[in-house]
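K.L.:
Just need the structure, nothing else, for what follows:
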Amino acid sequence: MYNTLKAKAKEAIKHSYSPYSHYRVSAAIETENGNIYTGTNIENSSYSMTICAERVAIFKAISDGSKKIVKILIYSNNETLPYPCGACLQVMSEFCEKDTIIIVSNDKCDETYSLNKLLPKQFKL
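P.N.:
Numbering: from 1, shown residues only. Coordinates of the predicted model:
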């Protein structure tokens, strides 16, 4: 499934709207029923209105009825790897297990983490 997620993320990145940072990011997620959803970062001149690629993909899945994500691949065609921000990690913790695999990727390398490694002290009710 890794190759499929990376291919979908690479395809989706062309839809990134990043005129301010010029840092294009996409994400592909797999849900527990095997569906794949993609998203890209969408920036806004009012920076607080910007949304990250992984939240776009997660929100698409949730709005389609999926409530559990089993794998996330975050991709950038830039030199640096696209690590998820705190807001994205908190959203992930709502719909992922602690051992959910998160892959950060670019054209040179991949790094694999569990959600628990990136967010060890998750806020949950």
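
K.L.:
Now do stretch 35-46: distance from first to last residue.
P.N.:
One end of stretch 35-46 to the other measures 33 Å (C-alpha to C-alpha, to the nearest Å).

K.L.:
average model confidence for it?
P.N.:
Stretch 35-46 carries an average pLDDT of 97.

K.L.:
Name the helix or strand for the closest residue to L119 other than its chain neighbours, please.
P.N.:
In this structure, L119 finds its nearest non-sequential neighbour in L89, 4.2 Å apart by C-beta to C-beta, 6 or more residues apart in numbering. For glycine as for every other residue, the C-beta is placed from the backbone atoms N, C-alpha and C. Per DSSP states H and E, L89 falls inside helix 86-95.

K.L.:
Name the residues that touch that helix?
P.N.:
Identification of contacts with helix 86-95 by C-beta atoms under 8 Å, 6 or more residues apart in numbering yields 52, 54-55, 58, 61-62, 67-69, 72, 84, 100, 102, 115, 118-119, 122-124.

K.L.:
In strands only, show me those.
P.N.:
Under the assignment DSSP state E, these contribute 69, 72, 100, 102 to strands.
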